[in-house]
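Student: everything below, folded, please.
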Amino acid sequence: MKPPEFSHLRSSLVKIGIIVGLDETSPLRHLNKNSESSNLDQASAAYEEQLLFAVSGQVAAVTSGEGDDVGASDGDEGGTVSTPLRGPFNALFSQTATAVPPVKHCWTRPDSCVSVVPVSCEKPTMPIDWDIIGTLGIFCCPDGVQLSVTKRDAHCHGLVLTDLTGVRTYGSCLTFYRPFRLRRRDDPVCSSNDGAVSGKTDSAITPYRLMPCSDEESSARDPVYYVPTCVCLVSEYAYHTVLKDCLSGLLPQFLAAANSRELMHCLASFLGHASLVPVPPASGLSVSFVNSGKVYRCAAASDPGRPVADMRLNYPFLFFDKLSVLRLIACLLTEQRVIFVSSSASACVMVMECLLSYILPFVWRQHYVPILPQRLVDLTEVPGQYLMGVHPDLVDEIEDDVDIVFANLDTGVVKVHDSIGLPPMPEAAADDFLTQIQERSWDFDRISDRPTFSSLEEEKLARTKHQDMINSTIKDACFQLLARLFAPMEDFITSDRKQSQFNKPQFIKKFADGDQEFYKLVSLL
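Tutor: Prediction:
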């Protein structure tokens, strides 16, 4: 009897995986559409990233890099399909985000292996909407795709997307570098490759294309350029550490892939297993799975009303002192406009995610963009409150608005202009929080009386237990802070059969005159 078919688990760890970057089928399109390619140094320019591959547990879709090859949609000269994108900034996103090109090949997964026979040229059904998939590219490569004459180290960063309903989608990105050579499109070597530009021309597309090669083929006259390729795993749950560990475990296979096809099959093989890993319900249980000989553990949420917190909660204390962290918590509770400045996109995302976990059960409902690419820097001028993360190079492009709080991770300084009028937290609650946070005890290497570990697994287990202790301490300190601030609320809530009402004016009068200004600004109440 044939087993019933299903596309994916309702609560699986990984929904989809994508590959973003450039390869031999992609056009080299400058980010600055008004620039003439002949006047630019091809190796130092920034190019527009392309969505190369998307895969779920059951379906894999290879998208075409050259829009002219597959035909243009109505009113679109590039041949790519413009899709409506979610989020609070639809108009700006639709102009700058990576468009989803038509599907060039599609494979299905009938049993336990990926079929390599093209079965459809339609966009297949994915667990994540194609409009979200199209938005991911600009956050996978915030600075576009820049070629390098030296091979750079691989690096990871996370990302978070929020739709109009407030639902967040999480991703973990691994960027590594593959060797290519630059060839003119009229070169006879390139003439046999699919995707040659013909017919309509685009001034932003350069007359060059990439040709795969090996590291050993470099020479002074014909150098090898290293092109960043980003692999992103997307989940509905904030398993930042688990997703990063999975990508790190796959890195040797990605680097060993001889071509893009092998890279795609490597990711598809992993998704075939990871999409069947269930997310454990809130409890003391965890789910472990094995991939390529490595064991990965997915811990459950500590409480049904709390999201998963799969990260080191002491990240903010690595960049700011205790008083600055307390001030940032106050900024979140009073819903200020906060811009986090960091040269590391990964650090920026982790710090912001940790701070949002500090104020639970309160939830940030305003705009939230942990990684703001240069192409979207105008979003800092939108009205209303927001949390955004930017690179230090973009600070000069942001108007010196006195209503914006700047938190610089590189310098550890939180700049709050006097005109904002941010009052301090009530002294008793703040002092209790600062007393509980003892950062010195969090340094694992300060424990010098510990016997030497006999294996790497033993050391990893000890570090995990130590980090769990740190996370538990921070959770308790934040919970007690919020309890001391807002516990009297229940005395001012009246309920009837239809609704409950909170008497905020009377609640504020309960506190001393010096503390009332803080509660007046807490708009989450």
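Student: what about the residue nearest to Leu360 when sequence neighbours are not counted, how many neighbours?
Tutor: If the residues on either side of it in the chain are set aside, Leu360 comes closest to Arg306, at 5.8 Å by CB to CB, 6 or more residues apart in numbering. C-betas here are computed from N, CA, C, even on glycine. Using other CB atoms under 10 Å, Arg306 is surrounded by 13 other residues.
Student: wait, a strand at Arg306?
Tutor: No - with DSSP: H, G, I helix; E, B strand; the rest coil as the criterion, Arg306 is assigned coil and is not in a strand.
Student: and it, how far from Lys475?
Tutor: 9 Å (CB to CB, to the nearest Å).
Student: same check on Lys520?
Tutor: 28 Å.
Student: circling back to that earlier point, check the gap between the residue nearest to Leu360 and Leu328 for me.
Tutor: 20 Å.
Student: phi first, then psi, for Arg29.
Tutor: Dihedral angles of Arg29 (phi, psi; degrees, to the nearest 10) stand at phi -110, psi 120.
Student: need the next SSE after the longest helix along the chain, C-terminal direction.
Tutor: Among the elements of the chain assigned as helix by DSSP state H, the one spanning the most residues is helix 456-486. Heading C-terminal from helix 456-486, the first helix or strand you meet, by DSSP states H and E, is strand 493-495.
Student: tell me which strands that following strand pairs with, and in which orientation.
Tutor: Sheet pairing here is set by DSSP bridges, and for strand 493-495 it gives strand 500-502 (antiparallel).
Student: average pLDDT across the partner strand?
Tutor: Averaged over strand 500-502, pLDDT sits at 81.
Student: do the same with stretch 303-311
Tutor: Averaging pLDDT along stretch 303-311 gives 82.
Student: list the contacts for the residue positioned nearest the centre of the chain?
Tutor: Nearest to the centroid of the C-alpha atoms of the chain, with distances taken as CA atoms, centre = their mean, sits Leu159, at 0.8 Å. Residues near Leu159 by CB atoms under 8 Å, 6 or more residues apart in numbering: Leu136, Phe139, Cys140, Tyr170, Gly171, Ser172, Cys173, Cys232, Val349, Pro370, Ile371.
Student: repeat that for Ser500.
Tutor: Residues counted as contacts of Ser500 (CB under 8 Å, 6+ apart) are Ile493, Thr494.
Student: partner residues bridging it?
Tutor: Ser500 has these beta-bridge partners by DSSP bridges: Ser495.
Student: how near is it to Phe180?
Tutor: For Ser500, the distance to Phe180 - CB to CB - is 62 Å.
Student: if we can go back for a sec, what about the contacts of Leu159, which are in strands?
Tutor: Of the contacts of Leu159, the ones assigned to strands by DSSP state E are Tyr170, Gly171, Ser172, Cys173, Cys232.
Student: who wins for most neighbours among those?
Tutor: Cys173 (28 neighbours).
Student: identify the bridge partners of the residue lying closest to that residue once chain neighbours are set aside.
Tutor: Leaving aside its sequence neighbours, Cys173 sits nearest to Cys232 (CB to CB, 6+ apart; 4.6 Å). Cys232 forms beta bridges with Ile18, Cys173, as assigned by DSSP bridges.
Student: show me where the stretch 51-200 of the chain has its helices.
Tutor: If DSSP state H, counting those that start in this stretch is used as the criterion, the helices of the stretch 51-200 of the chain fall at 67-70, 90-96, 130-140.
Student: hmm, I was thinking of the stretch 251-400 of the chain
Tutor: If DSSP H, counting those that start in this stretch is used as the criterion, the helices of the stretch 251-400 of the chain fall at 260-274, 315-319, 322-333, 345-358.
Student: most tightly surrounded among the ones you listed?
Tutor: Highest mean neighbour count of the helices of the stretch 251-400 of the chain: helix 345-358, a mean of 23 (counted as mean count of other CB atoms under 10 Å).
Student: next, the angle from that one to helix 322-333.
Tutor: Taking axes from the mean of the first three to the mean of the last three CA atoms, to 10 degrees, one finds helix 345-358 and helix 322-333 inclined to each other by 70 degrees.
Student: from the chain's centre, how far out does helix 345-358 sit?
Tutor: 11 Å (CA atoms, centre = their mean, to the nearest Å).
Student: just the CA coordinates for it, please, in PDB.
Tutor: Taking C-alpha atoms only, helix 345-358 is exported to PDB below (Å, rounded to 0.1, in the frame of the first residue of the first chain):
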ATOM      1  CA  ALA A 345      25.100  42.300  10.800                       C
ATOM      2  CA  SER A 346      25.100  39.100  12.900                       C
ATOM      3  CA  ALA A 347      25.700  40.900  16.200                       C
ATOM      4  CA  CYS A 348      23.100  43.500  15.400                       C
ATOM      5  CA  VAL A 349      20.400  40.900  14.800                       C
ATOM      6  CA  MET A 350      21.300  38.900  17.900                       C
ATOM      7  CA  VAL A 351      21.400  42.000  20.200                       C
ATOM      8  CA  MET A 352      18.000  43.200  19.000                       C
ATOM      9  CA  GLU A 353      16.400  39.700  19.300                       C
ATOM     10  CA  CYS A 354      17.700  39.400  22.900                       C
ATOM     11  CA  LEU A 355      16.400  42.800  23.900                       C
ATOM     12  CA  LEU A 356      12.900  41.900  22.500                       C
ATOM     13  CA  SER A 357      13.000  38.700  24.600                       C
ATOM     14  CA  TYR A 358      13.800  40.800  27.700                       C
END
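Student: could you give the angle of that helix to helix 456-486?
Tutor: Orientation of helix 345-358 against helix 456-486 (the same axes, to 10 degrees) gives an angle of 50 degrees.
Student: which outside residues touch helix 345-358?
Tutor: 142, 155-160, 238, 240, 307, 309, 311-316, 319, 325, 328-329, 332, 340, 342, 364, 368, 370-371, 387, 389, 391, 409, 474, 478.
Student: for the stretch 401-525 of the chain, give me the ranges with low pLDDT.
Tutor: 401, 523-525 (pLDDT under 70).
Student: ok, now the chain?
Tutor: Judged by pLDDT under 70, the stretches of the chain that qualify are 1-10, 32-43, 64-122, 186-204, 217-221, 399, 401, 523-525.
Student: how near is the residue lying closest to Cys478 once chain neighbours are set aside to Pro280?
Tutor: For Cys478, ignoring the flanking residues on the chain, the nearest one in space by CB to CB, 6+ apart is Tyr358 at 4.5 Å. For Tyr358, the distance to Pro280 (CB to CB) stands at 24 Å.
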